[in-house]
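Enquirer: based on what follows, work out the 3D shape:
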Amino acid sequence: MPRPTPNWQPLSMLPMMADMVSGMLDEVNTQLQVLRQAQEKPHVLDDYTVGRVIKVYGEQQDFLWVYEAQMERWQQESLTATQRQQIEQMGQQLAQLKSGLIEILEIAHDIKGQTIEAVLGKSDEELALDVLLGKIKPPI
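Expert: As a prediction, the model looks like this:
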């Protein structure tokens, strides 16, 4: 599917967009901590929550190109030292955001089959075998 043409922003919007990227990075880092903890006990999550994580963060990942393209456009303009610094910092944050989103989606896909619904849907024998094989940890 071809990408839509973004509504390109003037350079005056740089501070606002830099704040947006910074806020997204903070939120992604928080979600990443939660999901790393959930990896230890994925049965505390439900299918809807994991599916929602995959949908929301997948959409964020798909939208990152707009921020990157906007930065490239701004870099073609005559920039002040402050603007150059903001764009550089925004670029670093986008790189961190990209890797954070990749990790969130990897974790979510890994635990997708280990949610409470998946555990409750197993027979006692399947559940025991998964625990013995180390596929899931016993709920202690």
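Enquirer: residue boundaries of the helices in this protein?
Expert: Using DSSP state H, the helices assigned to the chain run over residues 14-40, 47-75, 81-111, 116-120, 124-132.
Enquirer: hmm, who's touching stretch 24-42?
Expert: Taking contacts as CB atoms under 8 Å, 6 or more residues apart in numbering, the residues outside stretch 24-42 that touch it are 44-45, 53, 57, 60, 93, 96-97, 100-101, 103-104, 107-108, 110-111, 114-115, 136-137, 139. Every residue, glycine included, has its C-beta placed from N, CA and C.
Enquirer: ok, now which ones touch Val21?
Expert: With contacts defined as CB under 8 Å, 6+ apart, the neighbours of Val21 are Tyr67, Met90, Gln93, Leu94, Leu97.
Enquirer: tell me the contacts of the most centrally placed residue in the chain?
Expert: Most central in the chain under CA atoms, centre = their mean is Leu101, positioned 2.8 Å from the mean C-alpha point. Under the criterion of CB under 8 Å, 6+ apart, the contact list for Leu101 reads Val28, Tyr57, Gln60, Gln61, Leu64.
Enquirer: one more time with 10 Å
Expert: Under the criterion of CB atoms under 10 Å, 6 or more residues apart in numbering, the contact list for Leu101 reads Met24, Leu25, Val28, Gln31, Leu32, Tyr57, Gly58, Glu59, Gln60, Gln61, Asp62, Leu64.
Enquirer: pull out the buried residues from those residues.
Expert: With burial judged by 16 or more other CB atoms under 10 Å, the buried subset of the contacts of Leu101 is Met24, Leu25, Val28, Gln31, Leu32, Tyr57, Gln60, Gln61, Leu64.
Enquirer: now the residues you listed in a markdown table, with pLDDT and distance to Gln85?
Expert: Formatted as a markdown table, the entries for the buried ones among the contacts of Leu101 read as follows, by pLDDT from 0 to 100; distance: CB to CB, whole Å:
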| residue | pLDDT | distance to Gln85 |
| --- | --- | --- |
| Met24 | 97 | 19 |
| Leu25 | 98 | 17 |
| Val28 | 98 | 22 |
| Gln31 | 97 | 28 |
| Leu32 | 97 | 26 |
| Tyr57 | 98 | 28 |
| Gln60 | 96 | 25 |
| Gln61 | 97 | 26 |
| Leu64 | 96 | 21 |
